[in-house]
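Undergrad: The following block contains a protein sequence and its predicted model.
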Amino acid sequence: MTLKKSHTVEIAAAKAGFSRATGYRLAADPVSVHEKPPRGRRRPDPLAGIFDEEVVPILETTPDIRPVGVFEELRRRHPELNPGVRRTLERRIRVWRASHGAEKDVIFRQKHEPGRQGLSDFTHMGSLGVSIAGQSLDHRLYHFRLAWSGFIHAMVVLGGESFTALAEGLQDALWHLGGAPREHRTDSLSAAFHNLSADKAEDITRRYRALCEHYGMDPTRNNRSLAHENGSIEGPHGHLKRSIGDALALRGSADFDTLDAYRGFIAEVVGRANAHRSKAIEAERTTLQDLPMSRTADHEDVSITVTSSSGFVLRRVFYTVPSRLIGHRLGGRVFDDRIELFLSGTRLLTLPRGRAEANGPNAHVINYRHVIHSLKKKPMALLRLVYRDALFPREPYRRCFEVALERLSEKQACRLAVALLALAHEENCEAELADAIDTALNRGEIPELDTLKAQVVPDRGTMPGIHIVTPPLASYGGLLDAGGTS
């Protein structure tokens, strides 16, 4: 309209960027452009006389309070207040905090260099519902990741966050990778030090530093309770668990026959994830430090003495060993999932590691084969044995003992249970005997030892008699003569 004052409609429209038709239309019906005034309130303010007078002082004195907490306090002070004002209150508090609230922590994005940083952390896996042979598996994953290329490694951890799990998982990752980064970053490792004395916590710190020095890595950690400082692995925790969850869904079941099968499944999922980053991983491998000649210790050394109970107690867990070791002092190596026992430097056996609940009774790791020879001599010891339930290797053996206690005398029930365990040990037919016992119990019968023995023990038969005829010595002379004639 300004150009129209000194130009024709066509020229003014062209200079303004309009078509000629639009220029004539605007000339015939001028439009004045003004900003619309802000829309005023249409309803009375439900927080008038309340927000500035009561809510603001609450927010100033308790900056971390949740809006719902403020709402509940206002409802207590003003019962007549409409519950529908909760959303209005939350929006008003959000705007007030944006204008008058405390400053927030700023996240500073970092630029990663190849070969510089590797990170370790643990993550819970209970939400996936994994089970082994029908038994729920309470476990974690040790998770290692290279910050630049995204290489990952995961290990199933049966216990908590411990130094042995960290050392074993980290070394597995480095040797699989073929090199070590210049820096290894963790969280505060507070879980590993939980409920430890100051001396033990310092010992773990020294061992962790020695582990990093062995591989030429600089140990660093984020500040306590600031997980975002470990963001290069905290975020990928979720990605890894979602990938495992998707793989379990495609598999159709979260139940595995053995723990090794589940570990193989995790390795396959991790391998597929690394395959997608293969080019970046290969590029970063060239920047990693060379590995040392060998691994360092990834276990904890202990010393134990075998008691007259043919076992030992370690961290509130009772383990049985062969009775020939009673009275001997053994060396032990404690790993996350096993304990290796040594006598004079020679490895004797490996036991699965057990764990007692924090506030529960002591746990038991029992192998009936270690004590069955003595139990045969004293079968009544089974009746009130401290670790009786852990003695039975399979559920049918325990059920059989309970049914026998209901129908037979205590002495007969103990003798039957011990005899079945002895049969399983001597004939090496534990699984087959368990199936036969289960079948008999399902029929409502108490298993009979002779009947079960006939079912599970193979018929050895009798050795055939062999009659050997000894030839006369004169016949050998005839053979020599025949040989000389030819």
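TA: Alright, I've got the coordinates.
Undergrad: What are the buried residues along stretch 49-57?
TA: For stretch 49-57, a neighbour-count test (16 or more other Cβ atoms under 10 Å) marks 50, 51, 55 as buried. In this view, the C-beta of every residue, glycine as well, is placed from N, C-alpha and C.
Undergrad: Can you measure across that stretch, start residue to end residue?
TA: The straight-line separation of the ends of stretch 49-57 (Cα to Cα, to the nearest Å) is 13 Å.
Undergrad: what does that stretch contact?
TA: If you take Cβ atoms under 8 Å, 6 or more residues apart in numbering as the criterion, stretch 49-57 is touched by 47, 70, 74, 77, 78, 81, 89, 92, 93, 96.
Undergrad: so how far is residue 47 from the closest residue to the fourth one other than its chain neighbours?
TA: If the residues on either side of it in the chain are set aside, residue 77 comes closest to residue 54, at 7.1 Å by Cβ to Cβ, 6 or more residues apart in numbering. As for residue 54, its distance to residue 47 is 9 Å (criterion: Cβ to Cβ, to the nearest Å).
Undergrad: rewinding a little: buried subset of the contacts of stretch 49-57 as a ChimeraX selection?
TA: Per 16+ other Cβ under 10 Å, the buried members of the contacts of stretch 49-57 correspond to this ChimeraX selection:
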select :47,70,74,81,89,92,93,96
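Undergrad: buried residues in stretch 330-348?
TA: Within stretch 330-348, the residues scored as buried using 16+ other Cβ under 10 Å are 330, 331, 332, 333, 334, 335, 336, 337, 339, 341.
Undergrad: Go through these and name the one nearest residue 186.
TA: residue 336 (16.5 Å; Cβ to Cβ).
Undergrad: That closest one: what secondary structure?
TA: coil (DSSP: H, G, I helix; E, B strand; the rest coil).
Undergrad: The one 5 residues further on now?
TA: Following three-state DSSP, the label given to residue 341 is strand.
Undergrad: for the helix or strand harbouring residue 364, which positions count as buried?
TA: Using DSSP states H and E, residue 364 maps to strand 363-365. By 16+ other Cβ under 10 Å, the buried positions in strand 363-365 come out as 363, 364, 365.
Undergrad: Now flag whichever of these is closest to residue 8.
TA: Using Cβ to Cβ, these come closest to residue 8 at residue 363, 98.9 Å.
Undergrad: Model confidence for that closest one, exactly?
TA: Looking at residue 363, its pLDDT is 91.
Undergrad: ok but residue 108 is inside a strand, no?
TA: No. Assigned with three-state DSSP, residue 108 falls outside any strand and is coil.
Undergrad: Can you give the domain ranges for the protein?
TA: Taking automatic domain parsing as the criterion, the chain consists of the domains 1-32, 51-100, 117-285, 300-365, 369-456.
Undergrad: Quick check, residue 23 in contact with residue 12.
TA: Yes. With contacts counted by Cβ atoms under 8 Å, residue 23 reaches residue 12, the gap being 6.2 Å.
Undergrad: Overlap in contacts, the two.
TA: residue 4.
Undergrad: on that earlier part again, what about the domains of the chain, which gets the closest to residue 110?
TA: Closest approach to residue 110 among the domains of the chain (Cβ to Cβ): domain 117-285, 8.0 Å.
Undergrad: Show me what the mean pLDDT comes to for that closest one.
TA: 85.
Undergrad: end to end, how far does that domain reach?
TA: 12 Å.
Undergrad: On the pLDDT front, check residue 19 for me.
TA: Model confidence at residue 19, expressed as pLDDT, equals 86.
Undergrad: From residue 25, how far off is it?
TA: Residue 19 sits 9 Å away from residue 25, going by Cβ to Cβ.
Undergrad: For those two, indicate the residue with more neighbours.
TA: Shown here are residue 19 and residue 25; by other Cβ atoms under 10 Å, residue 25 has more neighbours (14 against 11).
Undergrad: quick check, the more buried one in a helix?
TA: Yes. Assigned with three-state DSSP, residue 25 falls within a helix.
Undergrad: Which residue ranges of the stretch 251-400 of the chain form helices?
TA: 259-275, 278-285, 372-375, 388-391, 395-407 (DSSP state H, counting those that start in this stretch).
Undergrad: Now do the fourth one: distance to the chain's middle.
TA: A distance of 27 Å separates the centroid of the chain from that of helix 388-391, by Cα atoms, centre = their mean, to the nearest Å.
Undergrad: do the longest one as well
TA: Here helix 259-275 shows a centroid-to-chain-centroid distance of 13 Å under the convention Cα atoms, centre = their mean.
Undergrad: So which elements touch it?
TA: Packing partners of helix 259-275 (3 or more Cβ pairs under 8 Å, 6 or more residues apart in numbering; DSSP states H and E): strand 152-157, helix 231-251.
Undergrad: quick one: which of the buried residues of stretch 49-57 is nearest to residue 8?
TA: Among those, and counting by Cβ to Cβ, the member closest to residue 8 is residue 51, at 58.9 Å.
Undergrad: and the closest one, what pLDDT?
TA: Here the pLDDT value assigned to residue 51 is 92.
Undergrad: any idea how far residue 392 is from it?
TA: Distance from residue 51 to residue 392, by Cβ to Cβ: 68 Å.
Undergrad: What of residue 430?
TA: Distance from residue 430 to residue 392, by Cβ to Cβ: 11 Å.
Undergrad: With residue 68 instead?
TA: 52 Å.
Undergrad: As a markdown table, the domains of the chain with distance to residue 38 would be great.
TA: Shown next, in a markdown table, are these (distance: least, Cβ to Cβ, whole Å):
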| stretch | distance to residue 38 |
| --- | --- |
| domain 1-32 | 19 |
| domain 51-100 | 15 |
| domain 117-285 | 39 |
| domain 300-365 | 60 |
| domain 369-456 | 75 |
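Undergrad: So which of those domains is nearest residue 468?
TA: For the domains of the chain, proximity to residue 468 was assessed by Cβ to Cβ; domain 369-456 is nearest, at 33.2 Å.
Undergrad: how long is that closest one end to end?
TA: Span of domain 369-456 from end to end, Cα to Cα: 18 Å.
Undergrad: Equivalent analysis for stretch 437-456, please.
TA: 11 Å.
Undergrad: What of stretch 344-356?
TA: Counting by Cα to Cα, you get 29 Å between the two ends of stretch 344-356.
Undergrad: Could you give the separation of it from the chain centroid?
TA: Averaging C-alpha positions (Cα atoms, centre = their mean) puts stretch 344-356 22 Å from its chain's average.
Undergrad: That one - what's its average pLDDT?
TA: The average pLDDT for stretch 344-356 rounds to 90.
Undergrad: ditto for stretch 415-433
TA: According to the model, stretch 415-433 has a mean pLDDT of 92.
Undergrad: which residues sit in contact with the residue positioned nearest the centre of the chain?
TA: The centre of the chain sits closest to residue 140, judged by Cα atoms, centre = their mean, with a distance of 1.5 Å. Residue 140 makes contacts with 122, 123, 124, 125, 156, 157, 160, 161, as judged by Cβ under 8 Å, 6+ apart.
Undergrad: Report the separation between it and residue 157.
TA: 4 Å.
Undergrad: hey, what's in contact with both of these two?
TA: Shared contacts of residue 140 and residue 157, defined by Cβ under 8 Å, 6+ apart, are found at residue 122.
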